[in-house]
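Peer 1: turn this into a structure:
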Amino acid sequence: MSRIGRKPINIPAGVEAKFENGVMTVKGAKGTLTQNIHPNMTVEIDGAVITVTRPNDNKENRSLHGLTRTLISNMIIGVSEGFKKELEVNGVGYRVQKQGKDLVMNLGYSHQVIVSDNEDITIEAPGPNKIIINGIDKQKVGQFAAEVRAKRPPEPYKGKGIKYVDEVIRRKEGKTGKK
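Peer 2: This is a model prediction of the structure:
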């Protein structure tokens, strides 16, 4: 049995969850999320506890069991607490600033790179070299952070570029370090 899939999900106070016609809907203080659930998975809501069960031990059902439980758990965490990704900008002359709903980045190009936040994602720039991305959907927050990082990924020689705060850049020696 899946270790993750069989763990029950506790619903915190202020969060409302319902499962109808293969669609899981979670409503909380930060917003509402919906997710289509595979028809093989059975979702049961008993008071403040959600359990996910599978019909048999087929390979597909085993893999869907833990996935379904994790998706529902992430929805509940998203509407109650939200998700956050922090990025760091390193490099001489590299800086970011917030102008209205746009994030304006000077990344060593001949032009400024501008990224706008959408209805699901909010961007903050508390300092000239820090970006914080917030949202209720974990997948969208991670995808948006990856797209911002892709504007100037860190390079291995000096570490210049945009990186996650907890990311470790493996450094290489230059041409002179070979001798």
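Peer 1: and whichever strand or helix holds Ile123, what does it pack onto?
Peer 2: Applying DSSP states H and E as the criterion places Ile123 in strand 121-127. For strand 121-127, the contact count by 3 or more Cβ pairs under 8 Å, 6 or more residues apart in numbering; DSSP states H and E identifies strand 95-99, strand 130-135, helix 138-149 as packing neighbours. Any C-beta I mention is one placed from the backbone N, CA and C, and that applies to glycine too.
Peer 1: now with 6 Å, please.
Peer 2: When contacts are defined as 3 or more Cβ pairs under 6 Å, 6 or more residues apart in numbering; DSSP states H and E, strand 121-127 packs onto strand 95-99, strand 130-135.
Peer 1: check which residues of that strand are buried.
Peer 2: Residues Ile121, Ile123, Ala125 are the ones in strand 121-127 that count as buried (16 or more other Cβ atoms under 10 Å).
Peer 1: for this structure, give me the ranges with low pLDDT.
Peer 2: For the chain, the stretches flagged by pLDDT under 70 are 1-2, 177-179.
Peer 1: what are the ranges of the strands in it?
Peer 2: Assigned by DSSP state E, the chain shows strands spanning 9-10, 16-20, 23-27, 32-36, 42-46, 49-53, 83-90, 95-99, 102-106, 113-116, 121-127, 130-135, 161-164.
Peer 1: and those strands: which comes nearest Leu71?
Peer 2: strand 32-36 (5.6 Å; Cβ to Cβ).
Peer 1: who touches that closest one?
Peer 2: Val23, Met24, Thr25, Val26, Leu71, Met75, Val79 (Cβ atoms under 6 Å, 6 or more residues apart in numbering).
Peer 1: now the angle from the top helix by length along the chain to strand 130-135?
Peer 2: Identified as the longest helix of the chain according to DSSP state H is helix 59-80. Counting by axes from the mean of the first three to the mean of the last three Cα atoms, to 10 degrees, helix 59-80 lies at 110 degrees to strand 130-135.
Peer 1: count of residues packed around Ile45?
Peer 2: As a burial measure, Ile45 scores 14 neighbours (other Cβ atoms under 10 Å).
Peer 1: could you measure from it over to Lys18?
Peer 2: 7 Å (Cβ to Cβ, to the nearest Å).
Peer 1: do the same with Arg62
Peer 2: 26 Å.
Peer 1: out of these two, which sits in the busier spot?
Peer 2: Arg62 (15 against 11).
Peer 1: ok, now which ones touch the more buried one?
Peer 2: By Cβ under 6 Å, 6+ apart, Arg62 has no neighbours at all.
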